[in-house]
Each structure stands twice: as C-alpha cells, then as structure tokens.
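A.B. asks: Got a sequence here, can you build the structure:
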Amino acid sequence: MKTIDFATASFKDFENIPGQDIYTTAKEFVQYLNFLKENGHLNYRIESLSPVGPEMHLILPGDEHPTWCVCLVSNDYLGFSQHPLIKAAVINGVEQFGTGSGASPAIGGHFVYHQQLEKKIAEFCKRTDAILYTTGYTANSATLQCILHKDNRDKDVAKNDLAILDMNVHASVYEGVLTTAVKTFLHNDLVGLERVLKNAQDSYRTKMVIIDGVYSQDGDVAPIDKIAEITHRYGAYLVVDDAHGIGVVGDTGRGVIEMYNAFDQVDIITGTFSKALGNIGGYVIASPEIITYLKYQSKQHLFSTTATPALMGILKAIDLIDEEPEWRTRLWENIEYLKNGLIKLGFDVGTTSSAVIPVKVGDIMKTLEAGRLLLKLGVYTNPIMYPAVSKKNARIRMNVMATHTKAHLDKVLSAFSEIDAQLHISSKHNN
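C.D. replies: Below you'll find the model as predicted:
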C-alpha cells in the first residue's frame, strides 16, 4: 500500500520510515523509481558506452539505441582521465606492480607509490604529511569519526568534542560527525559562525569548524581567510574540504586555500583524486602528529586494502597541474562562456565561482522535467533536488570541462533556451 505521495516525494522520504521494515520500504522505493521512470524523470544511473569526456554515448531511458550527448555531469574538470601521459603512467604502474595491492596499509599493503603520493599531494598543498583513503568520501567520514567523539556516558559537555558545520558541507562530513556533538551555521554566515564559537568556547575539548572550499551544489566558495581568523580566535581548528577546488581554483590550481593564501591558516585539508586529477581516492593533509595518529587509529584506513597501482597516474596528474596550465585556462574560458550565456538567457546561476554551474529552478517536478527535456535535446545534466538541496531550491547542476568545445556549449545554451519556452524557468517569464 502506497503511503508516500510520489508526485511530491524525494529520496529522503524513504529513509527510516516509522513502523515499516526495510523490505517493505525497499519495495515502495522501487515503485517510486518506476513512477519516475514512467514519467521520463529517472535520469540517474544512465549507462554509458564511452569513456568520460565532453560527449558521452548513452543508453537513454526508454531507448534501445545509444545517443551521443554533451556531458555536463562529470567532475573530470581538466579532462585528465583521458590524458595520454596519465594513461601511460597508469599502465606503467600496473605493469610494475600488478592490478592490486593485496593488503591493508599496516600489514603489507603500503607500497612505494603510496608513499610517493602522500608526499607529493602534501607538498602540492605546501605541507609535509598526508594520509590516503580509497575514496574522497571516506577521507572525510573516516577522519572525522576518528578524531571527534562524544561521551554519551557523561553529561559533562566539557568532556566532549564539537563539530561546527557550514550547513552546506558534503554528505560525507555529516556522516563523519555522527560520533560527536554537532552545531551548524547558515551557509557562509560569519556572524552565525562566531555566535556558535562564542557560545561553545568553554564547553568542549576539541572544537572543529568544518567547511568546503568550493561547495558542490552552488559552486560558490568559502571566505577561508575570514573563517580561519574567527575559528582560531575562539580556540578551534579549521578543516577545509577542497575537493572541487584543487586543480580548478587558484593561480596555480591549488584550490580555494591558495586563492586566499591561507595554507598556514587551515589545520586540516581534505580532498579527492576523483575530480580534477582524473582518478579515484582521497587524502587528508595535516600536521605530522595528526597524520601519524590517523594512520594507526582511523579504522577505515587501517582495515581497508590500499589503492591499486593505477594511482601512479595521480602522480603524473599532479605534475601536469603545473606543467600544463593551459588546461586550467581552457576550463575557465569555458566556465565564463557558459555562465555568461546562461545569464544572458535570464537563468539564475547563483553565486558560482567554479566549474560547478547551477541553473536554479525551484520546483522539483519542473526540475525533473527540465532534465528529461534536456536529455531529449542531447544534453546530459543532473537534476538536483531535496535532500541534496532544500525543497524549494531544486536545480539543474552542470560541471564544465576543459575539453568542452564552444560548439558543445552552444548546444547546451540552445537547449536551455528551447526548454525555457516550455517550462518558463528563466527571469524572462517572471516579470
């Protein structure tokens, strides 16, 4: 029996339904997915027959034959997953060391290429020490679970730790702080942050302010310099996840921290190799003592098999950030071209300052319909809805790549103009 209105539902509605066991919930969730599919709104998990790139060969929902679409869903911002020198480095790694590492890091799975990558990514961010995780998600969740705790046996909050989150941080951060006390502040709200810190300054052991560098849904950046000053003034530590900034933002591609020249103001840097660096995995950069502690105390690191020799491609990718800056130049030309084109058409792209460009729609069903129509026009984007964003803030999110051509971007702009005639989502229809 259906208990959720599918027409207004989101994935969040199927989490932990009171009084309903998981098999019943799963069955109802499948019915919801079928509802979306029947309406052409299930453009998730679309099968691709081609590599990552500015165009992808896709099996679209309801179609038997593949279609080439302009791809705006990839985080491969610099196109490095397809760079011939990086591919060669991956092949060389496999030829030297095989396809797997065979063990967790403490008991035989720590190889020279792991050590080299730890050193290189730390030095890239002007530090000395780093730890690797198998994903960027785990880098956040596992690290925070390891270093922040709440003693549920004792009511004295002074014996607990506190995580202070910008409300828009990534889901991996929210998972990571399940083991500790948590307070939040409105997105980039410095007054709200200071209020939380002031109220908490004498009440907790370790206090950590946790923010993103580039925010994954709006593409805007954190004012790291100001946040760092406030954070340290109240005796707290600052953690910055710059997953979407590294390789994209900053004079030399070292992210939002470089933009604000704040390398010595951030206590812990986290990130991923799966975006601009074109591979997979995560890292944490911090003081030598914190990194050593994590290597022996972070369970997800300690008990997981280490990354494969294919990560030797990341070593080359980091080099190419400096050796071939033209990729970042091309990326920013494309970002400005697409963003300005959308603005001229009357679309709301918010305050993005990165390769993430949202087109804010608001209504969930209209957003899903926009995604469907764009696919029909050969443009592959991500409709984003609650809980990734608020219920009134649904949008089409696009990720720009250095390898997009002007022809690709013109096709995108033309498609948005065409769907706007049907859905009336630009400012031209709100006057």
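A.B. asks: Give me the most central residue, the protein.
C.D. replies: Ser216 (5.1 Å; CA atoms, centre = their mean).
A.B. asks: Next up, phi/psi of that residue, please.
C.D. replies: phi -70, psi -20 (degrees, to the nearest 10).
A.B. asks: That one reaches Gly245, doesn't it?
C.D. replies: No: assessed by CB atoms under 8 Å, Ser216 is found out of contact with Gly245, at 10.6 Å. Where you see a C-beta, it was placed from the backbone N, CA and C, and this is true even at glycine.
A.B. asks: any shared contact partners between those two?
C.D. replies: Counting by CB atoms under 8 Å, 6 or more residues apart in numbering, Ser216 and Gly245 have no contacts in common.
A.B. asks: re earlier: now for the residue nearest to the centre of the chain: which residues touch it?
C.D. replies: His170, Ala243, His244, Val356.
A.B. asks: Next, count neighbours for Lys19.
C.D. replies: Lys isn't right for residue 19; it's Gly. 6 (other CB atoms under 10 Å).
A.B. asks: do the same with Asn92
C.D. replies: 14.
A.B. asks: who touches it in this structure?
C.D. replies: Shown in contact with Asn92 (CB under 8 Å, 6+ apart): Met312.
A.B. asks: so which strand or helix has it?
C.D. replies: Element membership of Asn92, judged by DSSP states H and E, is helix 84-97.
A.B. asks: so what's the closest residue to Leu193 other than its chain neighbours up against?
C.D. replies: When the adjacent residues along the chain are set aside, Leu193 lies closest to Phe185, with 4.6 Å between them (CB to CB, 6 or more residues apart in numbering). Residues counted as contacts of Phe185 (CB under 8 Å, 6+ apart) are Ile164, Leu165, Asp166, Met167, Gly192, Leu193, Arg195, Val196.
A.B. asks: do Glu175 as well
C.D. replies: Going by CB under 8 Å, 6+ apart, Glu175 touches Asn140, Ser141.
A.B. asks: I'd like to know how far it sits from Leu331.
C.D. replies: Using CB to CB, to the nearest Å, we find Glu175 at a distance of 30 Å from Leu331.
A.B. asks: for Gly371, same thing?
C.D. replies: 24 Å.
A.B. asks: swap in Ser203?
C.D. replies: Counting by CB to CB, the gap from Ser203 to Leu331 is 44 Å.
A.B. asks: So between those two, which is more surrounded?
C.D. replies: Higher neighbour count among Ser203 and Leu331: Leu331, with 24 against 13, using other CB under 10 Å.
A.B. asks: The more buried one and Ile22: what is the separation?
C.D. replies: 43 Å.
A.B. asks: repeat for Gly79
C.D. replies: 41 Å.
A.B. asks: Same check on Asp129?
C.D. replies: Distance from Asp129 to Ile22, by CB to CB: 42 Å.
A.B. asks: Same drill for the two, tell me which one is more crowded.
C.D. replies: Taking other CB under 10 Å, Asp129 and Ile22 do not tie; Asp129 has more neighbours (19 against 10).
A.B. asks: For the residue nearest to the more buried one when sequence neighbours are not counted, which residues are in contact?
C.D. replies: Excluding its sequence neighbours, the residue lying closest to Asp129 (CB to CB, 6+ apart) is Ile291, at 4.1 Å. Ile291 is in contact with Asp129, Ala130, Ile131, Val284, Ile285, counting by CB under 8 Å, 6+ apart.
A.B. asks: His170 now?
C.D. replies: Tyr137, Asn140, Asp212, Ser216, Asp241, Ala243.
A.B. asks: which of those has the most neighbours?
C.D. replies: Asn140 (30 neighbours).
A.B. asks: For it, give me the pLDDT.
C.D. replies: You'll see Asn140 listed with a pLDDT of 98.
A.B. asks: The helix or strand hosting it packs against which elements?
C.D. replies: Per DSSP H and E: Asn140 is located in helix 136-147. Contacts defined by 3 or more CB pairs under 8 Å, 6 or more residues apart in numbering; DSSP states H and E place helix 136-147 against strand 130-133, helix 171-176, strand 207-212, strand 268-272, strand 282-285, helix 288-297, helix 299-302.
A.B. asks: and which of the contacts of Phe185 is nearest Lys360?
C.D. replies: The shortest approach to Lys360 among those belongs to Met167, at 17.2 Å (CB to CB).
A.B. asks: Give me the three-state assignment for the closest residue in space to Asn160 that isn't next to it in sequence.
C.D. replies: Spatial nearest neighbour of Asn160, excluding adjacent residues (CB to CB, 6+ apart): Lys150 at 4.7 Å. Assigned by DSSP: H, G, I helix; E, B strand; the rest coil, the conformation of Lys150 is coil.
A.B. asks: Is it correct that Pro51 is in contact with His83?
C.D. replies: No: judged on CB under 8 Å, Pro51 makes no contact with His83 at a distance of 11.7 Å.
A.B. asks: Show me which of these two is the more surrounded one.
C.D. replies: His83 (20 against 10).
A.B. asks: was I right about the more buried one contacting Ala317?
C.D. replies: Yes: using CB under 8 Å, His83 is in contact with Ala317, at 7.4 Å.
A.B. asks: Common neighbours of those two, please.
C.D. replies: With CB under 8 Å, 6+ apart as the test, His83 and Ala317 both reach Gly278.
A.B. asks: quick one: His149 and Thr180 touch, right?
C.D. replies: Yes: between His149 and Thr180 a contact is recorded at 5.6 Å, counting by CB under 8 Å.
A.B. asks: what residues are shared contacts of the two?
C.D. replies: Asn160, Asp161.
A.B. asks: who's more crowded, those two?
C.D. replies: Each of His149 and Thr180 has its neighbours counted (other CB under 10 Å); Thr180 has more, 20 against 15.
A.B. asks: ok, the closest residue to Ala276 other than its chain neighbours - contacts?
C.D. replies: In space, and not counting its chain neighbours, Ala276 is closest to Gly247: 2.6 Å by CB to CB, 6+ apart. Contacts for Gly247 (CB under 8 Å, 6+ apart) come out as Tyr77, Leu78, Phe80, Gly253, Gly255, Lys275, Ala276, Leu277, Ile321, Arg328.
A.B. asks: at 10 Å instead, please
C.D. replies: 77-78, 80, 124, 253-255, 271, 273, 275-278, 317-318, 320-321, 327-328, 331, 355, 402 (CB atoms under 10 Å, 6 or more residues apart in numbering).
A.B. asks: The residue nearest to Asn160: what's it in contact with?
C.D. replies: 157, 159-163, 177-182, 204.
A.B. asks: In the stretch 301-431 of the chain, where is pLDDT below threshold?
C.D. replies: Per-residue confidence for the stretch 301-431 of the chain (pLDDT under 70) gives these ranges: 430-431.
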